[in-house]
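Asker: Any chance you can model this:
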Amino acid sequence: MLFRQLFDSESSTYTYLLADGRTRQALLIDPVHEQVERDLNLLKELDLTLEYVLDTHVHADHVTAAGLLRQRTGARVVASHRGAPCVDVKVHHGDVLALGALRVEVLETPGHTDDSVSYRIGKRVFTGDALLVRSAGRTDFQNGDAGHLFDSITGVLFKLPDDTEVYPAHDYNGHTQSSIAEEKRYNTRAAHREREAFVQLMGNLNLPPPKKLNEAVPANLACGVISPTQTSSPQA
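Answerer: Here you go, the predicted structure:
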């Protein structure tokens, strides 16, 4: 399997490229609109065919490149059945996508948003904003629910084998990955905490809204295909 972790510095977003080495079929997880040429160039350099573009949820801090990549490559867009109506493959918990010899297992992990999913591929799990390195995604917009997030982290993600590698959609402190064992022990929001205490903690974060909230959410509900009215929308 071919694997690359890519980074967008403006939004601190990780994009992941995975491909089957024999068939050269590839997928991208959480691509960023401004980085589409970088991603397309890398696919060309590595002689890969993009089959799927996977979003972990409707993002509020950047615009997805999913729709643009679909236009440019013919790839199918994959996301939760609870999310954007524009996707080609609306997935549920337990669904499996095939990519050559790779198997992509869908884990519904709502809480950060109601449409959040994680993708498990071999010994790696791509957790979106649900489980971050030593942290967890905020729950104060887009139908977020701290109780549901706690259930997703402790009841779904923490039930994976301890040696499962964790790859989040974002990091703001220089981390690139973690493991389930590490997060069960060291996660500052979810580890060693009861559900009620977690809900209370998340309800008192008092974070400012994402800078691109007003632009990103409407655009991402259309798979990132931005209209002129969306590009002129004020930012929060």
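
Asker: from what I can see I226 touches N220, true?
Answerer: No: I226 is not in contact with N220 according to C-beta atoms under 8 Å; the separation is 9.7 Å. In short, each C-beta sits where N, CA and C put it, glycine included.

Asker: Neighbour count for those two, which is higher?
Answerer: Set I226 next to N220 and count neighbours by other C-beta atoms under 10 Å: N220 wins out with 27 against 18.

Asker: how near is that one to C86?
Answerer: Distance, N220 to C86, by C-beta to C-beta, to the nearest Å: 9 Å.

Asker: on that earlier part again, please identify every residue contacting each of I226 and N220.
Answerer: V63 (C-beta atoms under 8 Å, 6 or more residues apart in numbering).

Asker: what residues are up against V78?
Answerer: V78 makes contact with Y52, V53, L54, D55, V87, D88, V89, V91, L97, according to C-beta under 8 Å, 6+ apart.

Asker: From the residues you listed, list just the buried residues.
Answerer: Y52, V53, L54, D55, V87, V91, L97 (16 or more other C-beta atoms under 10 Å).

Asker: what are the bridge partners for the third one, then?
Answerer: The reference is to L54. With DSSP bridges as the criterion, L54 is bridged to I29, V78.

Asker: Over to the last one?
Answerer: Beta-bridge pairing of L97, defined through DSSP bridges, involves V104.

Asker: Which parts of the chain are strands?
Answerer: 2-8, 13-19, 25-29, 49-54, 76-80, 89-91, 96-99, 102-108, 117-121, 124-128, 131-132, 135-136, 165-168, 178-179 (DSSP state E).

Asker: Buried deepest among the ones you listed, which one?
Answerer: Mean neighbour count (mean count of other C-beta atoms under 10 Å) peaks for strand 131-132 among the strands of the chain, with a mean of 28.

Asker: before we move on, the earlier item: between the buried ones among the contacts of V78, which is nearest R24?
Answerer: Set against R24, the nearest of those by C-beta to C-beta is Y52 (13.6 Å).

Asker: That closest one is in contact with L27, isn't it?
Answerer: Yes: counting by C-beta under 8 Å, L27 is a contact partner of Y52 at 4.1 Å.

Asker: how about the strands of the chain in CSV, adding mean pLDDT and distance to K159?
Answerer: What follows is these, written out as CSV (pLDDT from 0 to 100; distance: least, C-beta to C-beta, whole Å):
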stretch, mean pLDDT, distance to K159
strand 2-8, 98, 24
strand 13-19, 98, 22
strand 25-29, 98, 21
strand 49-54, 98, 21
strand 76-80, 98, 20
strand 89-91, 98, 19
strand 96-99, 98, 18
strand 102-108, 98, 10
strand 117-121, 98, 11
strand 124-128, 98, 11
strand 131-132, 98, 12
strand 135-136, 98, 16
strand 165-168, 98, 13
strand 178-179, 98, 14
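
Asker: export those to a markdown table and tack on distance to V199?
Answerer: Shown next, in a markdown table, are the strands of the chain (distance: least, C-beta to C-beta, whole Å):
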| stretch | distance to V199 |
| --- | --- |
| strand 2-8 | 31 |
| strand 13-19 | 27 |
| strand 25-29 | 28 |
| strand 49-54 | 29 |
| strand 76-80 | 22 |
| strand 89-91 | 27 |
| strand 96-99 | 32 |
| strand 102-108 | 19 |
| strand 117-121 | 21 |
| strand 124-128 | 20 |
| strand 131-132 | 16 |
| strand 135-136 | 12 |
| strand 165-168 | 21 |
| strand 178-179 | 23 |
